[in-house]
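Novice: no FASTA, just this:
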DNA sequence: GTATATATTATCGTATACGATATAGCGTAT
DNA sequence: ATACGCTATATCGTATACGATAATATATAC
């Protein structure tokens, strides 16, 4: 992640609201009153409105005139499908590029992340899945970084933000399968096998889609 | 385009600043003072700050603590390459899907847009290119709409916004070539030729890239 | 008992005032 | 002549006060 310079009090407020949204302390679709935040965070209206404006620009909150702000609604099945369709277009290609030009340092970092995920195996169920989702996102982001297209990387990170709200809802036992899929992917990457990496990524995303899909039933 | 409900005065301010950015009345990288906008638009600080916050969330302006807002910097060669790389991953696939399921009404609307572009041929140079760019964007957006993935469509529309600032910079004579490329694309779409549409779209984007690339020299 | 109208409250929307910081211009010293 | 430091101004950042609108609750009439 790129370092961010301090952008004023509104920046802190932004982070506070962002965390509330990610942790589901503010449920999707529920209202967000600025007076409530004024009392809770003990700052004035202005930085709060500015932060909410930013969140609106990013699509995490919506605004209705003379009614106020509310958290963006829950992800729908349609969005879910569209997101995975888009990932399948972008990420396998990124994996192919990554396999072509991966450095030793990047490979080591990637392996370490995968190791961390494996170690999470014994942890408590709910906590485990939350941590797993975060590390999985990190691993995918690392590959996109190696692939080199910052635009694609930022776009997916942004979509991931929306998606994360959704992911936290489920605590499916998905780790073991995903671990072996990551394994195949990393093997292809380290050996510079472009087509293998592309195929492994595509399969991993398709399977991930299937695993999460069950939650919709 | 989806209809938007009125979101208050800040919404008008947002539109005003947005237009200034698109028309290059505010140059990329130049500073935007809120007091200046207060005097010019004759509204108070609050709606202006809220609008700037939203624009920041969309990445069109950047904020520096205790310095203020400024328009996002000019697009770089690197961004340009990344954008086209991403378009090549997403749009040919969209063209393929569109060819599979296009309706008669959509096809008619598409043809009409292409006709409009052809009629622009005689207009004054600068005006022509500006209008051409807008219609070209519209045509691509229509195809993405037909393809059905709203997420991809919104993402590209968003990137296009950034890109538009850049496009207006050039007034290259690119219309004639592009017109025939659109022709091939529409023929493939109307005949339901999936692979042909995909190929035509890829070629169109690649050629568009080459045409604009000259401007970087 | 239900529906409609009115009053009250909560919240958004806007404006203004004050304090803090950075930038720029000017003067002085070397 | 140049460089350093100080002062002044412009702009951001924050807080508070007031007005407008919508949602809710209550009371009255049918």
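Specialist: On my side now, so go ahead. Bear in mind that the values here come from a model prediction, so they are computed numbers and not experimental data.
Novice: what angle do helix B:77-101 and the strand or helix carrying residue A:90 make with each other?
Specialist: Following DSSP states H and E, one finds residue A:90 within helix A:77-101. Using axes from the mean of the first three to the mean of the last three CA atoms, to 10 degrees, one finds that helix A:77-101 and helix B:77-101 are set 130 degrees apart in direction.
Novice: in helix A:77-101, which residues are buried?
Specialist: By neighbour count, and taking 16 or more other CB atoms under 10 Å in any protein chain shown as the criterion, the buried residues in helix A:77-101 are A:79-80, A:82-99. C-beta here means a position set from N, CA and C on the backbone, and glycine is covered the same way.
Novice: what's the answer for stretch A:32-48, then?
Specialist: In terms of neighbour count (16+ other CB under 10 Å), stretch A:32-48 has its buried residues at A:32, A:37, A:41, A:43, A:46, A:47, A:48.
Novice: contacts for it, please.
Specialist: Applying CB atoms under 8 Å, 6 or more residues apart in numbering or on different chains, the contact partners of stretch A:32-48 are A:8-10, A:12-13, A:16-17, A:26, A:49, A:52, A:61, A:68-71, B:45-46, B:49.
Novice: show me which of these are buried.
Specialist: Applying 16+ other CB under 10 Å to these, the neighbour count classes A:9-10, A:13, A:16-17, A:26, A:49, A:52, A:61, A:69-71, B:46, B:49 as buried.
Novice: would TSV of the residues you listed with secondary structure, distance to residue A:180 and pLDDT be doable?
Specialist: As requested, these are arranged in TSV below (DSSP: H, G, I helix; E, B strand; the rest coil; distance: CB to CB, whole Å; pLDDT from 0 to 100):
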residue	secondary structure	distance to residue A:180	pLDDT
A:9	helix	47	83
A:10	helix	45	84
A:13	helix	42	89
A:16	helix	39	89
A:17	helix	38	89
A:26	coil	36	87
A:49	helix	48	88
A:52	helix	43	89
A:61	strand	38	90
A:69	strand	43	91
A:70	strand	41	90
A:71	strand	36	90
B:46	helix	54	85
B:49	helix	51	87
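Novice: closest one of the residues you listed to DNA strand D?
Specialist: Minimum distance to DNA strand D across those is 2.4 Å, recorded for residue A:9 (CB to the nearest atom of the strand).
Novice: which one in chain A is furthest away from the centre?
Specialist: residue A:66 (32.1 Å; CA atoms, centre = their mean).
Novice: so who does the residue of chain A found nearest chain B touch?
Specialist: Of the residues in chain A, the one nearest chain B is residue A:57, at a distance of 2.1 Å by CB to the nearest CB. Neighbour list for residue A:57: B:53, B:54, B:55, B:56, B:57, B:58 [criterion: CB under 8 Å, 6+ apart].
Novice: got it, and residue A:97?
Specialist: A:146, A:147, A:148, A:149, A:194.
Novice: and the one helix or strand residue A:55 maps to, how far out from the chain middle?
Specialist: Secondary-structure assignment from DSSP H and E places residue A:55 in helix A:45-57. What separates the centre of helix A:45-57 from the centre of its chain is 22 Å, taken as CA atoms, centre = their mean, to the nearest Å.
Novice: where does chain A come near DNA strand C, residue by residue?
Specialist: Contacts of chain A with DNA strand C, taken as CB under 7 Å from any atom of the strand, map to A:32-36, A:45-46, A:49, A:63, A:65-69.
Novice: leaving out chain neighbours, which residue sits closest to the residue nearest the centre of chain A?
Specialist: The residue at the geometric middle of chain A, judged as the C-alpha nearest the mean C-alpha position with CA atoms, centre = their mean, is residue A:160 (3.3 Å). Closest residue to residue A:160 apart from its sequence neighbours, by CB to CB, 6 or more residues apart in numbering or on different chains: residue A:137 at 5.6 Å.
Novice: which residues touch stretch A:141-149?
Specialist: By CB under 8 Å, 6+ apart, the surrounding residues in contact with stretch A:141-149 are A:91, A:93-95, A:97-98, A:101-103, A:106, A:109-110, A:113, A:152-153, A:156-157, A:189, A:201, B:82, B:85-86.
Novice: ok, the closest residue to residue A:110 other than its chain neighbours - how many residues close by?
Specialist: Setting aside the residues directly before and after it, residue A:110 is nearest to residue A:142 in space (CB to CB, 6+ apart), at 5.6 Å. Number of residues near residue A:142 (other CB atoms under 10 Å in any protein chain shown) recorded here: 17.
Novice: how near is residue A:87 to DNA strand D?
Specialist: Using CB to the nearest atom of the strand, to the nearest Å, one obtains 36 Å as the distance from residue A:87 to DNA strand D.
Novice: what of residue A:209?
Specialist: Remark: distance between residue A:209 and DNA strand D (CB to the nearest atom of the strand) = 38 Å.
Novice: ok, that residue - how many residues close by?
Specialist: Other residues within reach of residue A:209 by the criterion other CB under 10 Å amount to 16.
Novice: hang on, residue A:203 packs against residue A:178?
Specialist: No: proximity of residue A:203 to residue A:178 does not meet the contact threshold set by CB atoms under 8 Å, at 11.2 Å.
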